[in-house]
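1. Below are the sequence and a predicted model; questions follow.
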Amino acid sequence: MPDFIWYALLAGCGVALMTGPLGSFAVWRRMAYFGDTLAHSALTGVAFGLILSVNVNLAVTLFCLLLALLLVVLQNNRTIATDTLLGILSHSMLALGLVVVSVFADGWIDLYGFLFGDLLATTASDLISIAITAAIVLPLMIWLWRPLIAITVHEELAQVEGIRVAWVRTTLMLMMALVIAVAMKVVGVLLITALLIIPAAASRRLVKTPEQMAVGASLIGMLAIAGGLLVSFYWDTPAGPSAVLCASLGFALSLVKKPAI
Amino acid sequence: MNNAQPLIQGKNLSLHFGERQILDKVSINLHAGEIVTLIGPNGAGKTSLVRVVLGLQAASGGTLIRTPGLNIGYMPQKLHIEPSLPLTVERFLQLALGYHLRRGGKRRHEREAIVESLALTGIEHLLKSPMHTLSGGETQRVLLARALLRNPSLLVLDEPVQGVDVAGQSKLYQLIADIRDQRGCGVLMVSHDLHLVMAATDTVICLNQHVCCHGHPSSVTEDPAYLELFGQTAHAGIAVYTHHHDHDHNMHGDVEHADAHAPHSAHHHCGDHDHA
């Protein structure tokens, strides 16, 4: 197989390693909309990166992190239901991104690639940014695992028991933003949430503990990436969407099994 | 016993959201070994006061002094675990036991503690059950077990017997009173069910945004403010149990019950609620 397949496989597996545990939290904490909002806004980040001629990856990452912080603030002052707020922001951001890109950056960027991912065009520098992200997110995830589970179970109980809930929650949001910024490369802004949610949901029925679910989600994510690349290689389908379909197939198969608990 | 510094000392605590007054100059003291029960109608601010005491909600006015390093066992009113989270009762209880990686011997000790606290609340058989399959009453018992597991010096219980079957309710109140006797911890409870809780209480605070009246259960139930608030119920259903503080303990620290029934109780009560 050619080199670019190996690059793509490495990049995809690196991302799947992170989306496993983060996706599990997205499922447990019902954060699918949150992921969508961040992903959709990434396109606006791309556009601003081009306009201001800064590195696009950096622009997207910073934009996602800022938006995550904004969402934390907005969620704390609950004047409007969270899903409504996210629904509004998510689609406004996508529309804004599309408009800004078409006005200022038409022809400069491969819009299709950003929307659906261009896994097969992964470069060495993409791999490096994924590796750096993983080196930040994975240890942080392990370090914060118990408090993260505790705030997922009951935030106020966790707070009374001495966990700094606001800090832990914000860190989770920021990790999510970081991973979404790099996952964009793999499946594109429209399908990132799929990579978070589907492997985690597929893993649910096979496991007995939160840890198993997170690891299971990572493994299923990696299998889906590998499957997607194979399909893409032999039938010339787009790699990102093919990987998502493989994950969906995995989820469908998991339904056959009775939940372990 | 009230000479010592209180665990919780709240003075003139006020809380308002915008125009809406939730708490109005509420004062509350709670000592080690004391059970204080908050009663009051819906919207009286009982849960809000608990949240202020726990530090989950900053008061708009007044002062709150907590004993530094106070170890609190909190039992929230509700717990909803997503079915998507694979979590057994055992694992849920482990979360209460510190947040560091535990190894070897400590882990065995931890397991014993978990089984013991489940036995106390009468649900050892649920150790391996998934949290999301528990009934309301079972969840309450698990939450109480979790609060006890931390060996707290203050137990804060927000409607602890909500959803528990009638037979279980008085047993749980009895358990709470026994725990207080054995461990000497303070207990702050919110409750709706007046007659059962009265038996297990040293001090009642009758709340309706402000403190209507407070004191020993037998005196509170005769207070005009109380009768006005609970009017009919108070007359029809509340059995004011004679409340002895001079109970005895046997060798195991269990309370020896004296026999006493409320003279004018309209209900028949199974079990003996004299002490507590």
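-> Arrived safely, thanks for sending. Being a predicted model, the structure only gives us computed values, none of them experimental. Numbering: from 1, shown residues only, chains lettered A, B, ... in the order given.
2. Show me what from chain A comes close to chain B.
-> Applying C-beta under 8 Å from any C-beta of the partner chain, one finds that chain A approaches chain B through A:27-28, A:30, A:146-147, A:149-150, A:152-154, A:156-157, A:159-163, A:201, A:204, A:207-210, A:212-213, A:259-261. For every residue, glycine as well, the C-beta is placed using N, CA and C.
3. Filter those residues down to the buried ones and hand me the ChimeraX line.
-> Here is the ChimeraX selection string for the buried members of the residues of chain A next to chain B, based on 16 or more other C-beta atoms under 10 Å in any protein chain shown:
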select /A:27,28,146,147,149,150,152,153,154,156,157,159,160,161,163,201,204,207,208,209,210,212,213,261
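4. Show only the entries of the residues of chain A next to chain B found in helices.
-> A:27-28, A:146-147, A:149-150, A:152-153, A:156-157, A:159-160, A:201, A:204, A:210, A:212-213 (DSSP state H).
5. quick one: the helices in chain A?
-> A:3-28, A:32-51, A:56-76, A:82-104, A:111-116, A:124-143, A:145-153, A:155-160, A:165-187, A:192-204, A:210-235, A:239-254.
6. Going by mean pLDDT, which of those comes out lowest?
-> Among those, helix A:111-116 has the lowest mean pLDDT, at a mean of 82.
7. For stretch A:194-208, list every residue counted as buried.
-> Result for stretch A:194-208 [16+ other C-beta under 10 Å]: buried residues A:194-208.
8. And the residue lying closest to residue A:216 once chain neighbours are set aside, how far from residue A:190?
-> Excluding its sequence neighbours, the residue lying closest to residue A:216 (C-beta to C-beta, 6 or more residues apart in numbering or on different chains) is residue A:203, at 3.4 Å. Distance from residue A:203 to residue A:190, counting by C-beta to C-beta, to the nearest Å: 23 Å.
9. Reformat the helices of chain A as CSV; add distance to residue B:12.
-> Formatted as CSV, the helices of chain A follow (distance: least, C-beta to C-beta, whole Å):
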stretch, distance to residue B:12
helix A:3-28, 41
helix A:32-51, 41
helix A:56-76, 28
helix A:82-104, 35
helix A:111-116, 58
helix A:124-143, 42
helix A:145-153, 32
helix A:155-160, 23
helix A:165-187, 28
helix A:192-204, 49
helix A:210-235, 44
helix A:239-254, 56
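10. Can you tell me which of those helices is most buried?
-> Highest mean neighbour count of those: helix A:192-204, a mean of 28 (counted as mean count of other C-beta atoms under 10 Å in any protein chain shown).
11. Name the residues that touch that one?
-> A:15-16, A:19-20, A:22-24, A:26-27, A:32, A:35-36, A:39, A:180, A:183-184, A:186-187, A:212-214, A:216-221, A:224, A:243-244, A:247-248, A:250-251, A:253-254, A:259, B:84, B:86 (C-beta atoms under 8 Å, 6 or more residues apart in numbering or on different chains).
12. tell me the contacts of the residue positioned nearest the centre of chain A?
-> Most central in chain A under C-alpha atoms, centre = their mean is residue A:180, positioned 3.8 Å from the mean C-alpha point. With contact set as C-beta under 8 Å, 6+ apart, residue A:180 has these partners: A:35, A:38, A:39, A:42, A:64, A:192.
13. Next: residue B:205.
-> B:28, B:36, B:37, B:38, B:39, B:211, B:214.
14. Inside strands: which ones of those?
-> Among the contacts of residue B:205, the members falling in strands (DSSP state E) are B:28, B:36, B:37, B:38, B:39, B:211, B:214.
15. I figured the fourth one hits residue B:192, correct?
-> No - here residue B:38 does not reach residue B:192: they are 10.2 Å apart, not a contact under C-beta atoms under 8 Å.
16. Among these two, which residue is more densely surrounded?
-> residue B:38 (27 against 14; other C-beta atoms under 10 Å in any protein chain shown).
17. in whichever helix or strand residue B:171 is part of, what's buried?
-> Assigned by DSSP states H and E, residue B:171 belongs to helix B:166-183. Buried residues in helix B:166-183, counted by 16+ other C-beta under 10 Å: B:168-181, B:183.
18. Likewise for stretch B:57-71?
-> Buried residues in stretch B:57-71, counted by 16+ other C-beta under 10 Å: B:57, B:59, B:62, B:64, B:66, B:67.
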